[in-house]
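Undergrad: Give me a model of this one.
(one chain, ligands or ions: 1)
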Amino acid sequence: MIAVDFALDIAFKQVSKSRLPEVDFNHLPFGKIMTDHMFVADYDGQEWKDLRIVPFANMSISPANLTLHYGQTIFEGLKAYKTDAGEVLVFRPDQNVKRLNKSAIRMYMPEIPEEIFLGGLRELLSVDREWVPTTSGSSLYIRPLMFATDEYVGLNASKTYRFIIMCSPVGAYYNKPVKVKVETHFTRAVEGGIGYAKTAGNYAASMLPTQLAVEEGYDQLIWTDGKEHKYVEEAGSMNLMFVINNKLVTASTGDSILDGITRKSVIQIAKEMGMPIEERKLAINELIEGVKSGALQEAFGAGTAATIAHIIQIGYEGIRYELPAVETRTFSNAVYKEMENLKYGRIADLRGWMMTI
Ligand SMILES: *Cc1c(COP(=O)(O)O)cnc(C)c1O
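TA: Predicted coordinates for the structure are as follows:
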């Protein structure tokens, strides 16, 4: 269990009327409905201050706000779950603080102290606890965000920043397996670039290539390396993992791949299950040959939104390759079950991954 025992000075302004009664928890769109409150802190160039929980509402921003022009902004994504006993659990939030601060360093932004992130999150979830859904497969998606607040159109780093945590109740993300297209023209990230940071530019650059794939009937892309477009990188919001000849194979993380918390959790569970793991370069050719020969047994995306998203089709150079039926995927189905059981508190948290609110 992750303990949060710091006392923070957080101001609180409660909503005058909760929006909770208006929400249809049986039909939750992803990321559109926000809870009543948000946590906010401001960086004045020296320190984080004015910690506060306030009603979720629009903010006023200068058209000269630096983020709008140069994209000095980073975010995180994690989830809270409600157990059958009504307890609220958050999955590995300590890992999100670490990664947010890695992103902050790369984007030349101030780091956020762990006690402000975790303490603010704990308070916010206590206030908006009733918003954590109980319907099957649903959860509370948590979106921490940090962005530049200087009003200045000159090109340099902002001195001031705002940190916000907002939350949105969500249903199951992908309720059906996904079709992915291997991208061999556009590039998401390169060595020396910002691919490992959860920063706006990476996602902005992926909009057009993704839309083109969607028009061809795919759900997502398999990004390949920016140099040769020969090796599997990731899916842009999920890391990619494969079972080939009974081994778990996934690209090693580096500059161009986001170090996913779901990915590292899957790897740890695989280790415990005695599954051989290979973190290495995986050529698209090996993947396609594996589909043809039957060596490729499972393929899935790993990320907070979906946990595990089975891949049923891979498109490469105009050919669509069908993958083994989802029911045959022993490993990913077992890992998924283990993670779901843990998140909903149905099994003991022996790894110390969960934070209790
Ligand atoms: C967030 C994200 C992932 C998945 O990371 P998790 O911590 O597992 O949610 C993978 N790739 C990219 C580019 C991401 O932004």
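
Undergrad: nearest spatial neighbour of the closest residue to the ligand within the stretch 1-150 of the chain, skipping sequence neighbours?
TA: Closest approach between the stretch 1-150 of the chain and the ligand, counting by C-beta to the nearest ligand atom: residue 77, at 5.4 Å. C-beta coordinates here come from the backbone N, C-alpha and C atoms, glycine included. Nearest residue to residue 77, sequence neighbours excluded (C-beta to C-beta, 6 or more residues apart in numbering): residue 304, at 4.8 Å.

Undergrad: correct me, but the one you found touches residue 76?
TA: No: if you go by C-beta atoms under 8 Å, residue 304 and residue 76 don't touch, sitting 9.0 Å apart.

Undergrad: And for residue 63, the neighbour number?
TA: By the measure other C-beta atoms under 10 Å, the count of residues near residue 63 is 8.

Undergrad: contacting residues around the residue of the stretch 1-150 of the chain closest to the ligand?
TA: By C-beta atoms under 8 Å, 6 or more residues apart in numbering, the residues touching residue 77 are 96, 141-143, 198, 304-305.

Undergrad: out of those residues, who's near the ligand?
TA: 198, 304 (C-beta under 6 Å from any ligand atom).

Undergrad: Pretty sure residue 63 sits in a strand.
TA: No: assessed by DSSP: H, G, I helix; E, B strand; the rest coil, residue 63 does not belong to a strand; its assignment is coil.

Undergrad: Show me where this protein dips below the pLDDT cut-off.
TA: Counting by pLDDT under 70, the chain contains low-confidence residues at 1-5, 173-175.

Undergrad: how about the residues of it that lie near the ligand?
TA: 77, 198, 234, 236-239, 258, 260-263, 302-304.

Undergrad: just checking, which of those residues belong to strands?
TA: Mapping the residues of the chain next to the ligand onto strands (DSSP state E) picks out 239, 302-303.

Undergrad: Would you agree residue 140 falls within a helix?
TA: No: assigned with three-state DSSP, residue 140 falls outside any helix and is strand.

Undergrad: what are the bridge partners for it, then?
TA: Bridge pairing for residue 140 (DSSP bridges) gives the partners residue 80, residue 169.

Undergrad: Just want to check the distance between it and residue 229.
TA: As defined by C-beta to C-beta, to the nearest Å, residue 140 lies at a distance of 38 Å from residue 229.

Undergrad: Of those two, which one has the most company?
TA: Shown here are residue 140 and residue 229; by other C-beta under 10 Å, residue 140 has more neighbours (22 against 16).

Undergrad: so that one makes contact with residue 79?
TA: Yes: look at residue 140 against residue 79 with C-beta under 8 Å: they come within range, at 6.4 Å.

Undergrad: which residues does the residue lying closest to residue 320 once chain neighbours are set aside contact?
TA: Nearest non-adjacent residue to residue 320, counting by C-beta to C-beta, 6+ apart: residue 313, 5.5 Å away. Listed by C-beta under 8 Å, 6+ apart, the contact set of residue 313 reads 179-180, 218, 320-323.

Undergrad: what element comes up after the one helix or strand residue 313 maps to heading to the C-terminus?
TA: Per DSSP states H and E: residue 313 is located in strand 307-316. Downstream of strand 307-316, the first helix or strand assigned by DSSP H and E is strand 319-322.

Undergrad: What values do phi and psi take at residue 191?
TA: Note on residue 191: its backbone torsions stand at phi -60, psi 130 [degrees, to the nearest 10].

Undergrad: Return the distance of the residue lying closest to it once chain neighbours are set aside relative to the ligand.
TA: Distances taken as C-beta to C-beta, 6+ apart place residue 255 nearest to residue 191, at 4.9 Å, with adjacent residues excluded. Remark: distance between residue 255 and the ligand (C-beta to the nearest ligand atom, to the nearest Å) = 12 Å.

Undergrad: Mind listing the strands the helix or strand hosting residue 355 pairs with, and their directions?
TA: Residue 355 belongs to strand 354-356 when assigned by DSSP H and E. Sheet pairing of strand 354-356 (DSSP bridges) gives strand 88-91 (antiparallel).

Undergrad: where does the partner strand sit relative to the chain's centre, distance-wise?
TA: Distance of strand 88-91 from its chain centroid, counting by C-alpha atoms, centre = their mean, to the nearest Å, is 15 Å.

Undergrad: what packs against the helix or strand hosting residue 51?
TA: Under the criterion of DSSP H and E, residue 51 resides in strand 48-55. Judged by 3 or more C-beta pairs under 8 Å, 6 or more residues apart in numbering; DSSP states H and E, the packing partners of strand 48-55 are strand 11-12, strand 37-43, helix 114-127.
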